[in-house]
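In: show me how the following folds:
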Amino acid sequence: MIQIAPDKCPSDSSDYDPEINIGIGARYVENDLDRNNRVITAATGNYNDWYFDLAVALANDYAVCTRHSNLGYLQNMFSGYLQGFDVSGLNMASTTIIAERASRV
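Out: Predicted structure coming up:
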């Protein structure tokens, strides 16, 4: 299943129906690729509310933590999940953790 927002689903469909969900998600990703000149990193970031020139202060400018743009999303996707690693608990975007790993090499 693809994570899609309710506003992307037709009102008469269920976003839990796999065929509908994957079709809507695939079209959304295809449109995002087109909007970003087929640059996969930009399209992937847009999928998670990231965009070029997104400042850290703006990304964190929400009172509720769960509304913050995920600044580590691209790092997690390309250096973790797409490489076959479950990085959900590693906080890979943390410069402290990255520096600690680099010092061990």
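
In: kindly list the longest helix within the chain.
Out: Criterion DSSP state H: the longest helix present in the chain is helix 18-35.

In: so which bits of the next helix or strand after that one are buried?
Out: Downstream of helix 18-35, the first helix or strand assigned by DSSP states H and E is helix 40-47. Residues Ala42, Ala43, Thr44, Gly45, Asn46, Tyr47 are the ones in helix 40-47 that count as buried (16 or more other Cβ atoms under 10 Å). C-beta: built from backbone N, CA, C; applies to glycine.

In: got the end-to-end distance for stretch 72-85?
Out: 15 Å (Cα to Cα, to the nearest Å).

In: quick one: average confidence on that stretch?
Out: What stretch 72-85 shows for mean pLDDT is 80.

In: coming back round to it: list the buried residues of the longest helix of the chain.
Out: Buried, per 16+ other Cβ under 10 Å, within helix 18-35: Asn21, Ile24, Gly25, Tyr28, Val29, Asp32, Leu33.

In: picking that back up, okay if I get the buried residues of helix 40-47 as a markdown table plus distance to Asp7?
Out: Formatted as a markdown table, the buried residues of helix 40-47 follow (distance: Cβ to Cβ, whole Å):
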| residue | distance to Asp7 |
| --- | --- |
| Ala42 | 21 |
| Ala43 | 19 |
| Thr44 | 20 |
| Gly45 | 19 |
| Asn46 | 15 |
| Tyr47 | 14 |
